[in-house]
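1. Sharing a model prediction with you, sequence too.
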Amino acid sequence: MKSTILLFLLLNSLCLFAQVVHEKAKVLKTENIKIDSIEVQISIYEGNAFVAESYFTKSKSKLSVVYSGYGKSSYQISTREDSAMPEDFWRTNLFKFENGKVLNRKENFCFTGKMNAIFGKTDEEYRKYFSQTLNSEFVEKYVVELFQKIKKHQK
């Protein structure tokens, strides 16, 4: 029981990562761009951090992406997609990005204490609550393409 509680707290803290990154940093630039049918609002922060809010018009899905830079060309990338139903359930993807390549990816499903009814299901059962378009493979490719666009707009 103790290990289950610790695991839940660890996953919950990882899921809150994207919310904490840009709270204290100063916004240097905000810009709206369009990638195909995707509307993106980019915010560039002090300290080598970027936040992108993407709205996929065809699937009506939203994806938040936080790029936190460390070192010369390394980034921790965190994404968050809220579930359409139930509302207090979301999926995150965490990536390590170095020299233009994704080195690893971890997908997490997060929920508040109100979501006890779905606790303990398999990842496949959890995925049905989210847009099929924003699967982990697509998101991995998208964050790389988006990163390249952000770097162009950063200058």
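-> All right, it came through fine.
2. just how off-centre is the lengthiest helix in the chain within its chain?
-> Longest helix of the chain, by residue count under DSSP state H: helix 136-154. Put simply, helix 136-154 sits 12 Å off its chain's centre (C-alpha atoms, centre = their mean, to the nearest Å).
3. same check, this time on stretch 71-78
-> Put simply, stretch 71-78 sits 14 Å off its chain's centre (C-alpha atoms, centre = their mean).
4. Give me the contacts around that stretch.
-> With C-beta atoms under 8 Å, 6 or more residues apart in numbering as the test, stretch 71-78 has contacts from 17-18, 21, 65-70, 92-100, 102, 143, 147. Backbone N, C-alpha and C define where each C-beta goes, glycine included.
5. same thing but 7 Å
-> Residues outside stretch 71-78 that contact it (C-beta atoms under 7 Å, 6 or more residues apart in numbering) are 17-18, 65-70, 92, 94-99, 143.
6. What are the buried residues along stretch 79-86?
-> Neighbour-count burial for stretch 79-86 flags Thr79, Arg80, Glu81, Asp82, Ser83 (criterion: 16 or more other C-beta atoms under 10 Å).
7. Kindly tell me how buried the spatially closest residue to Glu145 that is not a sequence neighbour is, as a neighbour count.
-> Once flanking residues are discounted, Glu145 sits nearest to Ile35: 7.1 Å by C-beta to C-beta, 6 or more residues apart in numbering. Using other C-beta atoms under 10 Å, Ile35 has 13 other residues around it.
8. again with Tyr45
-> Neighbour tally, Tyr45, other C-beta under 10 Å: 22.
9. right, and it touches Lys29 too?
-> No - applying C-beta atoms under 7 Å as the test, Tyr45 and Lys29 come out as separate, 9.0 Å apart.
10. before we move on, back to that, what's the closest of the buried residues of stretch 79-86 to Leu134?
-> For these, the residue nearest Leu134 by C-beta to C-beta is Glu81; the value is 5.4 Å.
11. do you know how far Ser64 is from Leu28?
-> Using C-beta to C-beta, to the nearest Å, one gets 19 Å for the distance from Ser64 to Leu28.
12. before we move on, back to that, pLDDT-wise, what's the bottom of the contacts of stretch 71-78?
-> On pLDDT alone, Ala18 ranks lowest of the contacts of stretch 71-78, at 45.
13. In contact with the residue nearest the centre of the chain, which residues?
-> Among the residues of the chain, the one closest to the centroid is Thr79, at 0.5 Å (C-alpha atoms, centre = their mean). Contact analysis of Thr79 by C-beta under 7 Å, 6+ apart lists Leu63, Ser64, Val65, Thr92, Asn93, Val139, Val143.
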